Each structure stands twice: as C-alpha cells, then as structure tokens.
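Trainee: here you go, sequence then predicted model.
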Amino acid sequence: MIKLGDLILASYSNIVIMDGDFEFISFIPYRVEKLKIITDILECEVEKIEAIDNRIRVWLKEERE
C-alpha cells in the first residue's frame, strides 16, 4: 500500500492528482512544505500511478461507505 505522502517524499517530479480523466490538483513536491495541504489527503492510499513526461499522475482510492 502506497500513500500519497510517501510518494511525494520520494518524488522529484510534478505530482498530479487525477479525478477520472481530469487533473484535480497539481503541485511540485519540493514546494509541498509551503502548502497547507490537509493531512487527510496525505494519508490517502494510491490506487493507480502513471508517469507522463516529467509528471506523475496519481489516482487515489475512494473510501466506500
């Protein structure tokens, strides 16, 4: 199980969080500490990873109730 926070710490590429076929959030890993990201999103489990050019696309697992 890979969490988004772990991927950010290990990455040197831009991270793009996807919502289906659309980009939802895009950021540069070395600037993350300057962002006030909700800690819950960093604990989200990664469902799918895809590398394109200098970006990493990430789809997060959705919690089912």
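Mentor: Happy to help now that I have it. These figures come from a predicted structure and were not determined experimentally. Residues are numbered from 1 along each chain as shown.
Trainee: after the helix ranked longest in the chain, which helix or strand is next?
Mentor: Across the chain, the helix with the greatest residue count (assigned by DSSP state H) is helix 4-10. The helix or strand immediately downstream of helix 4-10 is strand 14-19, counting by DSSP states H and E.
Trainee: report all helices and strands that the next helix or strand after that next one contacts.
Mentor: For strand 14-19, the following helix or strand on the C-terminal side (DSSP H and E) is strand 22-27. Using 3 or more C-beta pairs under 8 Å, 6 or more residues apart in numbering; DSSP states H and E as the contact criterion, the elements in contact with strand 22-27 are strand 14-19. In short, each C-beta sits where N, CA and C put it, glycine included.
Trainee: and the strand it packs on, which strands flank it?
Mentor: strand 22-27 (antiparallel), strand 55-60 (parallel) (DSSP bridges).
Trainee: which of those strands sits most buried?
Mentor: Mean neighbours per residue, mean count of other C-beta atoms under 10 Å, is largest over these for strand 55-60, with a mean of 18.
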